[in-house]
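Student: predicted model and sequence below, questions to follow.
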Amino acid sequence: MSSADAAALIEQRWNMFYHWGPCSLLGFSLLMAAATSDVIGMTRGDWYVVGALTGAGLALQLWPGAAARSRPQPSPATAIHYALRWAIGFVLTWINPFFAFYAVVGYFGAERLLPARLVKPGLFFTAVTMSGSQSGGLPPDGELGWGVFGGLLAVNVALLIVLAHLAAQEEQRARDAAATIIELERTNAALQQAMDENAALHTQLLLQAREAGVADERRRLAAEIHDTIAQGLTGIIAQLQVVENAQETGDRALAGEHLGRAADLARHSLGEARRSVHNLSPSPLEHDRLPEALKKTVAEWAERTGIRADLTVTGTAEHLHGEIEATLLRIVQEAVSNTARHAHATRLGVTLSFMGDEVTLDVRDDGRGFDPLAAVERTGSGGFGLDGMRARAERVAGSLTVESEPGGGTAVSARVPLVRHEP
């Protein structure tokens with residue numbers, strides 16, 4: 001139950017008491033008066049007055065639209081209601097002190113019925129009625145009776161002052177609590193706004209990371225072309241020049257040797273070109289989403305290598321941003337390629353997990369393992385080794401870790417933000 005519902009329930013119960021409480025207490029007082037009428041010495045005339053005032057009290061409480069039926073605002077009508085109820089209680093208590101059980105309702109709801117300037121006088125008059133009942137009835141009998149009445153009145157007034165002070169403190173605490181709740185709501189609103197701004201900033205950073213990744217990929221391709229294809233073509237030209245010179249001198253053996261070298265360089269350069277094109281755009285994602293592309297990639301790899309491989313997808317799969325899907329696919333391709341070349345494994349498992357605001361990818365094998373600190377060089381065709389996989393993850397604000405030891409298999413784990421595809 002929320003605090004608002006609890007407050008509403010308490011208010012409802014108080015309203016029931018303000019409506020039915022005076023009636024119940026009036027009925028109980030009437031029973032006590034009947035039981036003690038002989039001791040008190042009530043006359044027939046007293047009973048006529050009691051009957052009339054009891055009926056008036058019930059009518060005052062049950063009359064449609066009575067001021068005490070709901071929580072009203074103090075007004076002249078509510079003040080008259082309080083005064084009439086006090087007068088009825090005072091006269092009934094004068095006749096029989098046990099009617100103080102009805103008069104005590106003057107302590108409850110004074111703030112509801114009386115203007116602020118009349119609350120303390122109303123409570124004081126109720127204390128007079130209660131003190132008269134406690135001292136043995138009104139009017140007090142003799143000096144001793146008046147002395148007892150005065151002492152009881154002083155005690156009742158002191159109790160009223162203490163209770164009023166405690167009530168004021170409780171009301172202040174309630175106001176402070178309400179102010180705290182309002183401040184918390186403002187703080188939560190500011191926090192939500194900050195989270196929204198953070199999400200927008202995250203998207204912007206991811207876009208910048210993607211642009212930086214594209215620039216890095218261009219630089220990488222340029223470096224690869226310079227280091228492999230361009231150098232290969234330069235070597236081919238050099239070999240062909242040697243062949244041309246050999247033909248002019250008639251040295252067929254030398255020309256054949258350098259023609260063979262030129263052919264080897266051409267085949268090597270063609271392989272490098274194919275590798276660069278293969279790394280440029282992941283074709284498995286042209287028609288499938290990431291889970292399906294991974295499933296096909298793992299299945300084809302297992303069929304080609306003869307190693308048992310399984311793919312597991314956990315969580316609710318979502319359509320990810322193209323850069324995220326390409327990054328994870330490339331990491332898997334490089335990881336399984338490394339397993340095939342180096343691990344001598346008999347089993348491999350790939351797990352793709354969608355977890356709230358991030359996606360994790362784990363590739364584990366039972367191969368011979370290695371020392372990750374020593375594996376810093378590039379791994380050859382088909383990828384860029386551990387550094388390349390880690391760089392791919394970092395380009396999309398992710399991370400990559402490698403756990404391995406000689407004889408203990410290898411586990412590659414990548415974590416990237418879950419960024420959904422935007423049509």
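Tutor: Arrived safely.
Student: just give the nearest non-adjacent residue to residue 92, would you?
Tutor: residue 99 (3.6 Å; C-beta to C-beta, 6 or more residues apart in numbering). Just so you know, the C-beta spots here come from the backbone N, C-alpha and C atoms, and that holds for glycine as well.
Student: helices of this structure, residue ranges please.
Tutor: Per DSSP state H, the chain carries helices over the ranges 3-35, 37-40, 44-62, 76-95, 100-103, 110-113, 116-134, 142-224, 231-249, 252-280, 290-305, 322-338, 385-395.
Student: and the ones you listed, which one's lowest on average pLDDT?
Tutor: Lowest mean pLDDT within these: helix 252-280, a mean of 74.
Student: which one of the helices of the chain lies nearest to residue 407?
Tutor: If you check each of these against residue 407 by C-beta to C-beta, helix 322-338 wins as the nearest, at 16.8 Å.
Student: count of neighbours near the residue nearest to residue 92?
Tutor: By the measure other C-beta atoms under 10 Å, the count of residues near residue 99 is 29.
Student: got a pLDDT number for residue 371?
Tutor: At residue 371, pLDDT is 81.
Student: same check, this time on residue 384
Tutor: On the pLDDT scale, residue 384 gets 48.
Student: residues in contact with residue 55?
Tutor: Residue 55 sits next to no residue when contact means C-beta atoms under 8 Å, 6 or more residues apart in numbering.
Student: for residue 401, same thing?
Tutor: By C-beta under 8 Å, 6+ apart, the residues touching residue 401 are 412, 413.
Student: bridging residues for it?
Tutor: residue 413 (DSSP bridges).
Student: JSON lines please, covering the helices of the chain and showing distance to residue 359.
Tutor: Converted to JSON lines, those look like this (distance: least, C-beta to C-beta, whole Å):
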{"stretch": "helix 3-35", "distance to residue 359": "39"}
{"stretch": "helix 37-40", "distance to residue 359": "86"}
{"stretch": "helix 44-62", "distance to residue 359": "69"}
{"stretch": "helix 76-95", "distance to residue 359": "66"}
{"stretch": "helix 100-103", "distance to residue 359": "72"}
{"stretch": "helix 110-113", "distance to residue 359": "60"}
{"stretch": "helix 116-134", "distance to residue 359": "64"}
{"stretch": "helix 142-224", "distance to residue 359": "13"}
{"stretch": "helix 231-249", "distance to residue 359": "39"}
{"stretch": "helix 252-280", "distance to residue 359": "21"}
{"stretch": "helix 290-305", "distance to residue 359": "9"}
{"stretch": "helix 322-338", "distance to residue 359": "7"}
{"stretch": "helix 385-395", "distance to residue 359": "11"}
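Student: nearest to residue 352, out of those helices?
Tutor: Here helix 290-305 is closest among the helices of the chain (C-beta to C-beta), at 6.2 Å.
Student: could you check the angle helix 322-338 makes with the closest one?
Tutor: Using axes from the mean of the first three to the mean of the last three C-alpha atoms, to 10 degrees, the inter-axis angle of helix 290-305 relative to helix 322-338 is 20 degrees.
Student: circling back: my read is that the residue nearest to residue 92 contacts residue 93, right?
Tutor: Yes - between residue 99 and residue 93 there is a contact under C-beta atoms under 8 Å: 4.6 Å.
Student: okay, and the common contacts of those two?
Tutor: residue 133.
Student: tell me how many other residues surround residue 337.
Tutor: By other C-beta under 10 Å, 18 other residues sit near residue 337.
Student: report the separation between it and residue 114.
Tutor: Separation of residue 337 from residue 114 (C-beta to C-beta, to the nearest Å) stands at 88 Å.
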